[in-house]
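**Q** Return a 3D structure for these sequence lines:
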Amino acid sequence: MKIAIDNIEYLSKLQNNKDDEIIFVFDKEPLEELLKIDIHCVNKDKIIAVDINLTNYYIPCVKKCTIDDDLTLPPSKDYKYAIIVPNCNNDHGDIDGKTFFSKCIESILNQSYQNFELIIVDDMSTDSSVKTVQSYMKKKEYAKKIHLIQNTRKRFNGGTRNIGIDYALNNIDFDYFAFLDSDDWWTTEKTLEIINKYLNGHEMALIGMQLVDQNGVFMTKTHIIDCYEDFFLSDNKVWCTAWARIIRKDKIVYFPEDTLMEDRTWSYEQADNVDYNHVVNIKEILYTWNRTNVSNSVSLVRGKNWEASAWKHIGQQLMLLTRLKHNEMRPILEKRIQECINKVNHRIYQQY
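**A** Residues are numbered from 1 along each chain as shown. Coordinates of the predicted model:
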């Protein structure tokens, strides 16, 4: 068994058991002190996940316990995933000889871990998107994995994802939701395999990402969570996107609709709806965020819909205040609302 500790005082209590592999998680301890303990040491910022955390010091782990607790790990499981992809007119571009949309679809279908069903919800596309999905559905190996839903009125990303959520809950037997934007893709064929390895029944997992533009990868990033406030606010340390989260189906919350700014308030409410101690931070680069799509990216294109969405975003935050479960976040959210109002009044239309 691998046991991770972050307090040197516990070392003597554990080293007698030769069957255990002990890892010391360090933060600011000096090198001389680490060399004295003569065991495997790892910086807390480099951890993807560990099996056991024996103190109250928070790091992502499968199970928390004290020295006297049962150290048996929860069993791993081959979870099933409902993967939702909202799409509107992204069947263009060229990534490895494929359109953005095809690259997205194939990054899912070609996963080494195949226990999933893919739900593509098309939001009134006028390009070849629907025909592209249908072409994949005609292939024998994919026919039972792909579900295509075509909106009959414009729903934008939030409403389109909600259509997919409802469809999954009513038609598929599964354990977790995953999301991709239709112009992005999973970075590796092992993305879902890695996610499944670390879930262990957690209510949510966070995954790392890379950003690409015409010149290639220009940023890689994983989440850094030092406290619940970091997790709740979804700012620079933790970002607000749906695709960064794998969510147990009983913990999902619906997205705001009829807006271009659906992610931020949703991320607040989604954080409010899970147990912070049951969120695992997978510090691996598993998602590619596409910045080569400059013509159809909601986060890059501004207009009148964006201004309307900014005001709606403020209203959604005010409504969330009335049902917030983590009351300690109330002054934090109130401050954020005022910041948003100030930005909109000065015509600063950005994602916030």
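**Q** Distance check, residue 267 against residue 223.
**A** 12 Å (Cβ to Cβ, to the nearest Å). C-beta: built from backbone N, CA, C; applies to glycine.
**Q** cool, and residue 106?
**A** Residue 106 is 26 Å from residue 223, by Cβ to Cβ.
**Q** Kindly report the same for residue 161.
**A** 21 Å.
**Q** next one: residue 105
**A** 26 Å.
**Q** care to break this protein down by domain?
**A** 2-64, 81-290, 304-345 (automatic domain parsing).
**Q** Among those domains, show the one with the smallest mean pLDDT.
**A** Ranked by mean pLDDT, those end with domain 2-64 at the bottom, a mean of 74.
**Q** if we can go back for a sec, ok, residue 161 and residue 223, which is more surrounded?
**A** Legend: neighbour count by other Cβ atoms under 10 Å for residue 161 and residue 223, higher for residue 161 (28 against 21).
**Q** In terms of helices and strands, where is the more buried one?
**A** Residue 161 belongs to helix 156-171 when assigned by DSSP states H and E.
**Q** Walking through the protein, point out its helices one by one.
**A** 11-14, 31-37, 100-109, 129-137, 156-171, 191-199, 228-233, 263-272, 304-321, 330-345 (DSSP state H).
**Q** Need the ones you listed in TSV (columns: distance to residue 219).
**A** Listed next are the helices of the chain as TSV, based on distance: least, Cβ to Cβ, whole Å:
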stretch	distance to residue 219
helix 11-14	38
helix 31-37	30
helix 100-109	19
helix 129-137	28
helix 156-171	22
helix 191-199	18
helix 228-233	19
helix 263-272	18
helix 304-321	23
helix 330-345	24
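**Q** quick one, strands of the stretch 151-300 of the chain?
**A** Here the stretch 151-300 of the chain has its strands, by DSSP state E, counting those that start in this stretch, at 176-179, 185-186, 204-213, 216-221, 245-248, 279-290.
**Q** Show me what the shortest one is packed against.
**A** The reference is to strand 185-186. If you count contacts as 3 or more Cβ pairs under 8 Å, 6 or more residues apart in numbering; DSSP states H and E, strand 185-186 packs onto helix 100-109, strand 279-290.
**Q** which one of those lies closest to residue 196?
**A** With distances scored as Cβ to Cβ, the stretch of the helices and strands packed on strand 185-186 nearest to residue 196 is strand 279-290 (10.5 Å).
**Q** re earlier: okay, the strands of the stretch 151-300 of the chain, which one's buried deepest?
**A** strand 185-186 (a mean of 26; mean count of other Cβ atoms under 10 Å).
**Q** Check the gap between the nearest residue to residue 188 once chain neighbours are set aside and residue 250 for me.
**A** Leaving aside its sequence neighbours, residue 188 sits nearest to residue 286 (Cβ to Cβ, 6 or more residues apart in numbering; 6.6 Å). Taking Cβ to Cβ as the measure, residue 286 falls 23 Å from residue 250.
**Q** right, and residue 317 touches residue 330 too?
**A** No: counting by Cβ atoms under 8 Å, residue 317 stays clear of residue 330, with 11.4 Å between them.
**Q** neighbour-wise, which of the two wins?
**A** A count of neighbours by other Cβ under 10 Å puts residue 317 above the other of residue 317 and residue 330, at 20 against 11.
**Q** contacting residues for that one?
**A** Contact analysis of residue 317 by Cβ atoms under 8 Å, 6 or more residues apart in numbering lists 265, 268, 333, 336-337, 340.
**Q** Alright, I will stop here.
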